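Student: Sharing a model that was predicted from the sequence below.
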Amino acid sequence: MPSDAADLARLQESARKHLWMHFTRMGAYQTADIPVIVRGDGAYIWDAGGKRYLDGLAGLFVSQLGHGRTELAEAAAKQASELAFMPLWSYAHPKAIELAERVANYAPGDLNRVFFTSGGGEAVETAWKLAKQYFKLTGKPTKHKVVSRAIAYHGTTHGALSITGLPELKAPFEPLVPSTFRVPNTNIYRAPIYGDDPKAFGRWAADQIAVAIENEGADTVAAVFLEPVQNAGGCFPPPPGYFERVREICDEYDVLLVSDEVICAFGRLGHMFGAERYGYQPDMITCAKGLTSGYAPLGAMIATDRLMEPFLQGNTSFAHGYTFGGHPVAAAVALTNLDIFEREGINQHVRDTEGEFRATLEKLLDLPLVGDVRGDGYFYGIELVKDKATKETFNDEESERLLRGFLSKALFDAGLYCRADDRGDPVIQLSPPLICDQSHFDEIEQILRSVLIEAETKL
């Protein structure tokens, strides 16, 4: 931790010369200081200058239990001293075995097979590869295509990026992996049809998946990738009956339903898995982030017994893996993280207080800029509009000026770390640690209110 002004200056100089930050306009920091976070405790983080911020995004939808949990650090140290590393390539270690059983026991239905990865994008990549090989092994070798939703984000690897529905993220890296196709998302605030009837809208949105499968040919489509609550675009929950209908469609066409829960799993929606909250049975779940509450990197793809069956025959193998997938230290941290979840009743806490969080955020609907507040659990998006009556959104130049030109910095300066995002229509995303309570909700609302009121003068 830097101790004086000279240390801070050296840190900034070193960062500008050597650190390539992720999803960052590096040119913006040629003259401006880079925010440097040095400490966390509970729902708060501190920068190198000693200023405190409420972590309104749980790092990146990750820090479920908050910061400074020494029990998790101690679990990591203990495991590193016993067995620091062992890959899962034809060998196993106790923590991976124990964690696989525990995750399988949490997962719905017969999702009993756990393939560990280093993170979420790798879990998505794993799910697509498994879907393709599974159908090859079961006599349907032409089934390889994937259907996903518009604006949805599924990762940055070439496969996961191909499944992603954000053209501007994909364009710099094309050509990508072929054979992925998009269907409408569940943003009822901007529904092209049935906007006043959530159940009818949900049926229509789900049926578009059937249309896409038929257009491509059911004998060519392997999987549908859907988040329980879609992140990109600003938190789109499923309308009533949506996932029930999607499950029917997947069964009808023999297409695998992949529930991408990299964000939604492990308490974000008040359950271990979002599929449980919304009552549907996936064929695979992809997860990461909250599995360790960010104290170590770890992800997983969870598959049904049916999908494992062909790999139990003869010399067949899934020729896929990651050096650090199921790392002993990360697995030990995950087990302790889940212990705390159970001991402290984290999921129940989210379910008990999510209504208070929603009600507090909905107070912002009295502001001219706030068009919609949507989400579930501790996972919300606030859509900003130019005209509430018509739902008119901002053009690209206005969005740039509002989000990056003002809101992102102003919210941080006011003491709230969150995300002002323009993937889709402009939104502010909130995903605080699951230990938060009404005092934190009030602090979030008050900071948002003051900054959004000031933002109106900048337009």
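Tutor: The structure has been received and is ready for your questions.
Student: Which segments of this structure make up each domain?
Tutor: 35-68+346-457, 71-344 (the TED database).
Student: Just the C-alphas of stretch 33-49, formatted as CSV.
Tutor: Taking C-alpha atoms only, stretch 33-49 is exported to CSV below (Å, rounded to 0.1, in the frame of the first residue of the first chain):
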residue,chain,number,x,y,z
ASP,A,33,-4.8,9.4,-12.7
ILE,A,34,-5.7,5.8,-12.8
PRO,A,35,-8.1,4.8,-9.9
VAL,A,36,-6.0,2.5,-7.7
ILE,A,37,-8.0,0.4,-5.2
VAL,A,38,-5.8,-0.8,-2.3
ARG,A,39,-8.2,-2.2,0.4
GLY,A,40,-11.6,-3.6,1.0
ASP,A,41,-13.7,-4.3,4.1
GLY,A,42,-17.3,-5.4,4.1
ALA,A,43,-19.3,-3.6,1.4
TYR,A,44,-16.6,-0.9,1.0
ILE,A,45,-13.4,-0.4,-0.9
TRP,A,46,-10.6,2.3,-0.4
ASP,A,47,-8.4,3.9,-3.0
ALA,A,48,-4.7,4.7,-2.7
GLY,A,49,-5.5,8.2,-1.4
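Student: Helix or strand: which one has residue 34?
Tutor: In the assignment (DSSP states H and E), residue 34 maps to no helix and no strand.
Student: can you list the domains of the chain in TSV and add mean pLDDT and mean neighbour count?
Tutor: For every residue, glycine as well, the C-beta is placed using N, CA and C. Converted to TSV, the domains of the chain look like this (pLDDT from 0 to 100; neighbours: other C-beta atoms under 10 Å):
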stretch	mean pLDDT	mean neighbour count
domain 35-68+346-457	96	19
domain 71-344	98	20
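Student: Dump those domains to a markdown table, plus distance to residue 4.
Tutor: A markdown table is the format used below for these (distance: least, C-beta to C-beta, whole Å):
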| stretch | distance to residue 4 |
| --- | --- |
| domain 35-68+346-457 | 11 |
| domain 71-344 | 27 |
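Student: closest one to residue 20 among these?
Tutor: Closest to residue 20 of those is domain 71-344 (C-beta to C-beta; 14.0 Å).
Student: For that closest one, measure first residue to last.
Tutor: 13 Å (C-alpha to C-alpha, to the nearest Å).
Student: Same check on stretch 258-272?
Tutor: End residues of stretch 258-272 are separated by 16 Å (C-alpha to C-alpha).
Student: do the same with stretch 100-113
Tutor: 7 Å.
Student: Kindly report the same for stretch 105-119.
Tutor: 21 Å.
Student: residues making contact with it?
Tutor: Stretch 105-119 is contacted by residues 88, 96, 99-100, 103-104, 123, 125-126, 130, 272-273, 275-276, 281-282, 284-285, 288, 297-308, 318, 322, 324-327, 331 when judged by C-beta atoms under 8 Å, 6 or more residues apart in numbering.
Student: and those residues, which of them are in strands?
Tutor: 284, 285, 299, 300, 301, 302, 303 (DSSP state E).
Student: show me the contacts for the first one.
Tutor: Each residue near residue 284 by C-beta under 8 Å, 6+ apart is listed here: 111, 127, 130-131, 223, 256-259, 301-304, 307.
Student: Distance of it relative to residue 207?
Tutor: Distance of residue 284 to residue 207, computed by C-beta to C-beta, to the nearest Å: 22 Å.
Student: Over to the third one?
Tutor: Remark: distance between residue 299 and residue 207 (C-beta to C-beta) = 32 Å.
Student: And residue 279, by the same measure?
Tutor: Taking C-beta to C-beta, one finds residue 279 at 19 Å from residue 207.
Student: Distance to residue 445 for the ones in strands among the contacts of stretch 105-119 - can I get that in CSV?
Tutor: Putting the ones in strands among the contacts of stretch 105-119 into CSV (distance: C-beta to C-beta, whole Å) gives the following:
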residue, distance to residue 445
284, 37
285, 33
299, 33
300, 35
301, 37
302, 36
303, 41
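Student: Between those, which sits nearest residue 190?
Tutor: The nearest member of the ones in strands among the contacts of stretch 105-119 to residue 190, counting by C-beta to C-beta, is residue 285 at 28.0 Å.
Student: what sits against the nearest residue to that closest one once chain neighbours are set aside?
Tutor: The shortest distance from residue 285 to any non-neighbouring residue, by C-beta to C-beta, 6 or more residues apart in numbering, is to residue 302 (4.4 Å). By C-beta under 8 Å, 6+ apart, the contact list for residue 302 reads 103, 104, 107, 111, 113, 114, 115, 284, 285, 286, 287.
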